[in-house]
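Chemist: when you get a sec, could you give me coordinates for this:
(2 chains)
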2 protein chains.
Amino acid sequence: MSSKNAFYAQSGGVTSVINASACGVIETARKHRRHIGKVYAGRNGIIGALTEDLIDTSREPARAIAALRHTPGGAFGSCRFKLKGLDESRREYERLIEVFRAHNIGYFFYNGGGDSADTCHKVSQLSRKLDFPIQAIHVPKTVDNDLPVTDTCPGFGSVAKYVAVSTQEAALDVESMASTSTKVFILEVMGRHAGWIAAAGGLAGNSSREAPHIILFPEVEFAETAFLKRVDQAVKRYGYCVVVASEGVRHPNGKFLAEAGSRDAFGHAQLGGVAPYLAALVKERLGHKYHWALADYLQRAARHIASKTDVEQAYAVGKAAVELAIRGENALMVTIKRISDSPYRWKTGEVPLARVANREKMMPARFISKDGFGITAACRRYLGPLIRGEDYPPFGKDGLPRYVRLKNTPVKRKLKTRFVL
Amino acid sequence: MSSKNAFYAQSGGVTSVINASACGVIETARKHRRHIGKVYAGRNGIIGALTEDLIDTSREPARAIAALRHTPGGAFGSCRFKLKGLDESRREYERLIEVFRAHNIGYFFYNGGGDSADTCHKVSQLSRKLDFPIQAIHVPKTVDNDLPVTDTCPGFGSVAKYVAVSTQEAALDVESMASTSTKVFILEVMGRHAGWIAAAGGLAGNSSREAPHIILFPEVEFAETAFLKRVDQAVKRYGYCVVVASEGVRHPNGKFLAEAGSRDAFGHAQLGGVAPYLAALVKERLGHKYHWALADYLQRAARHIASKTDVEQAYAVGKAAVELAIRGENALMVTIKRISDSPYRWKTGEVPLARVANREKMMPARFISKDGFGITAACRRYLGPLIRGEDYPPFGKDGLPRYVRLKNTPVKRKLKTRFVL
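Modeler: Reported below is the predicted structural model:
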């Protein structure tokens, strides 16, 4: 077969829809066999390329690939492994070329966030800098929604929906018990640098009397006095207070609240935990009974409550990446372009990777209410469409989702050399 | 109207399906107007009866009452307020009679767990002991699944489904990242005295290689060395380890793990947190990278992933309570009777409240595997049917569930006296 094979890898924290992008890549490649031979996936991401541990996706039946669309997690394994510049990591890039050459790989599809966009950009330069012909296309993915240029990042919409729905549900619970029990409920969500996920909690209510009464963003310095006043006000006015707090909230001195002095049973500074910190603060200063939840991985794995919009976009960026490659493109990231808010319309686009690398998209100031504790109408217009629609996975008779587990058949190794990471 | 009115109240921690029981009570009562006049709900539970703060459910349109079936939380408010014996709390019981007499109430439907079964039992004795004619029927509800006699408790099946699905989803996430990132994931779930909810996590996997690899029950003394050995074994064999831990796990000395020495930022012993305790232990002794989640109220409010079986049973116990009252019964709790495991068949039954009060149903030893870290086949046969079927709430165009908010119109007060709690 004269057509080149493709390499696909998942990178960084997985999401409930990253496999939908894999599905988009593989199904689209299968429709263009004249251009693309086989799609090899890296076992545990780019590490699979370095160690020549490739998975032959052509061994999976069509129905298994189709089921990726509704299966959370990373079906081929992902990793946190960042390649540095060509000069610093020359050994790694040369190994990639060795493996790609051995397996006739001419296309590189990298499915990840900011760090992997950077790696993808470097791989896209191999043709020119190390004289190896490859087309590298980045498939965006991150629950953090912090990639530049693209209107949104696949993975985010589903976390946003999970957080909005969970906030709404927990608020109903707290409200019904508040007369004699819990008065303050704090939900800690992901987002160390950007407050997009916390902002999504704001979709649970439409007015200041509805939960969440307070949102804490990493973009806004934590104002303890104002926070406590607002909590107390909500308890007095509505009987209870619901807070959605980003894990990345910081004190004015720059320190994370989560690092603010709590100690585990062994006396070590405890990692994580904005929610327990805020809960302790509320108890200490206001004396209100509290509860808190920390959704952690549950939020980014919750395929059962994925956003239909997000699933469709995740699939579309995978499909578009293959189509760009077939058109001969290189060094691009697929983007989501918003055409209109209402009715919500979008299409895929593309942007040179050089414009993506090393830029993080924070919440703009116009999305955060003046007091710093809520979201604006503009933010609602932006976020609203991203959580729209349901896309339930099929459930079995046992009451559990039918998530697929692939065979992940290894590709026979061709190289004698082993690569030590 | 010669027929007596009914009083309905929600008690204790709410669930994602307690309103389905309210729906069953109200819809059934509306079909029997010859026997039951109006259904008055207590605002914030039994407190509403004591303070003569009644809600007239007849002011709600049929479609609002129907929507209770898919709305989590307690639509009329619930409370934690336990009446003591007739002698100790005579003032309260006399006040109940005063309010019931003023509003022509002859039926008392109390929707709660063990404590409220006890209160309901005492109210059922008012006819005889304080010469006030009333029929009291208990409508079972508790996520803890610890009521005796009944095969299961409405509310539990939906938490069980949430925990099983969440464990399965988070496990896919952890497994895909384990080569370079988190190796141990701990999900803390409710159940201070009984391990039913933790056990439900076990439904996520079918063999020892599938997550969860370890379940920690309140019924089993925490064995630190064996636990750490098992964690390490799972990491070595499968690359990762998923733990589902009940909040009620105790050390051999009887102390909760959650109280085992962690300190908040103010130096106070931290309340709650088996998961962070176990995470710190794993890090200290094994050095593995960990993550943990604490679902807290999210688990018992998650109507979006409710079990169809549970919703149907929650409705059925409400309906049956009204039917028992119409038949002239008193001092009963409605039960769920299992007819067969496979195919799963059930019907409602009833039990004298005298047999229910002050008895907690723990996990039987035959449901816990010999090593104390998992569930047995018998436990799977019991739990399996309870999470079966999906019963999604309707979603709006905005991507959020259409949960109903009732008008909760107050009934005009008839008493001059005020009652101070």
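Chemist: show me what the helix or strand hosting residue A:128 is packed up against.
Modeler: Using DSSP states H and E, residue A:128 sits in helix A:126-129. In terms of contacts (3 or more C-beta pairs under 8 Å, 6 or more residues apart in numbering or on different chains; DSSP states H and E), helix A:126-129 is packed against helix A:90-102. For glycine as for every other residue, the C-beta is placed from the backbone atoms N, C-alpha and C.
Chemist: touching chain B at all, the helix it packs on?
Modeler: No: contact of helix A:90-102 with chain B (C-beta under 8 Å from any C-beta of the partner chain) is absent, the minimum separation being 14.5 Å.
Chemist: tell me the mean pLDDT for that helix?
Modeler: For helix A:90-102, mean pLDDT rounds to 96.
Chemist: distance from the chain centre to it, please.
Modeler: Distance of helix A:90-102 from the chain centroid (C-alpha atoms, centre = their mean, to the nearest Å) equals 28 Å.
Chemist: which residues touch the helix holding residue A:128?
Modeler: Identification of contacts with helix A:126-129 by C-beta atoms under 8 Å, 6 or more residues apart in numbering or on different chains yields A:86, A:93, A:96, A:97, A:132, A:133, A:134, A:136, A:330.
Chemist: hmm, what's the outermost residue in chain A?
Modeler: Each residue of chain A has a distance to the centre, and by C-alpha atoms, centre = their mean the biggest one is for residue A:180: 38.6 Å.
Chemist: which SS class is the closest residue in space to it that isn't next to it in sequence?
Modeler: The shortest distance from residue A:180 to any non-neighbouring residue, by C-beta to C-beta, 6 or more residues apart in numbering or on different chains, is to residue B:79 (4.3 Å). Classification of residue B:79 by DSSP: H, G, I helix; E, B strand; the rest coil places it in coil.
Chemist: need the nearest residue in space to residue A:321, chain neighbours excluded.
Modeler: Counting by C-beta to C-beta, 6+ apart, the residue nearest residue A:321 is residue A:137, at 4.4 Å.
Chemist: rewinding a little: just the CA coordinates for the helix or strand following the helix holding residue A:128, please, in CSV.
Modeler: Under the assignment DSSP H and E, the closest C-terminal helix or strand after helix A:126-129 is strand A:135-140. The C-alpha coordinates for strand A:135-140 follow below in CSV (Å, rounded to 0.1, in the frame of the first residue of the first chain):
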residue,chain,number,x,y,z
GLN,A,135,2.0,16.3,8.6
ALA,A,136,1.1,17.1,12.2
ILE,A,137,-2.5,18.3,13.1
HIS,A,138,-3.6,19.1,16.6
VAL,A,139,-7.0,17.8,17.8
PRO,A,140,-8.0,20.1,20.7
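Chemist: packing partners of strand A:135-140?
Modeler: So strand A:135-140, by 3+ C-beta pairs under 8 Å, 6+ apart, packs with strand A:105-112, helix A:114-124, helix A:308-326, strand A:332-340.
Chemist: tell me the most buried of the ones you listed?
Modeler: Of all those, strand A:105-112 carries the top mean neighbour count, a mean of 27, counting by mean count of other C-beta atoms under 10 Å in any protein chain shown.
Chemist: tell me which residues of the helix or strand bottoming out on mean pLDDT in chain A are tucked away?
Modeler: Sorting the helices and strands of chain A by mean pLDDT, DSSP states H and E puts helix A:126-129 at the bottom, at a mean of 87. Buried positions in helix A:126-129, judged by neighbour count with 16 or more other C-beta atoms under 10 Å in any protein chain shown: A:126, A:127.
Chemist: centre of the chain to that helix, how far?
Modeler: Counting by C-alpha atoms, centre = their mean, helix A:126-129 comes out at 30 Å from the chain centroid.
Chemist: about what we covered before: got the confidence number for the residue nearest to residue A:321?
Modeler: 98.
Chemist: same check, this time on residue A:73
Modeler: Residue A:73 carries a pLDDT value of 98.
Chemist: same question for stretch A:52-61, mean pLDDT?
Modeler: On average, the pLDDT along stretch A:52-61 is 98.
Chemist: what's the first-to-last distance across it?
Modeler: In stretch A:52-61, first residue to last residue: 23 Å (C-alpha to C-alpha, to the nearest Å).
Chemist: which parts of that stretch are buried?
Modeler: Buried residues in stretch A:52-61, defined by neighbour count with 16+ other C-beta under 10 Å: A:52, A:53, A:54, A:55, A:56, A:57, A:58, A:60.
Chemist: and the gap between the fifth one and residue A:409?
Modeler: If I follow you right, that is residue A:56. Separation of residue A:56 from residue A:409 (C-beta to C-beta, to the nearest Å) stands at 5 Å.
Chemist: same thing with residue A:287?
Modeler: With C-beta to C-beta as the criterion, residue A:287 and residue A:409 are 60 Å apart.
Chemist: check residue A:33 too.
Modeler: Separation of residue A:33 from residue A:409 (C-beta to C-beta): 19 Å.
Chemist: same deal with residue A:153?
Modeler: Separation of residue A:153 from residue A:409 (C-beta to C-beta) stands at 31 Å.
Chemist: the more surrounded of the two?
Modeler: Neighbours were counted for residue A:153 and for residue A:409 using other C-beta atoms under 10 Å in any protein chain shown; residue A:153 has more, 27 against 13.
Chemist: quick one: contacts for that one?
Modeler: Counting by C-beta under 8 Å, 6+ apart, residue A:153 touches A:113, A:140, A:141, A:142, A:143, A:144, A:145, A:146, A:147, A:336.
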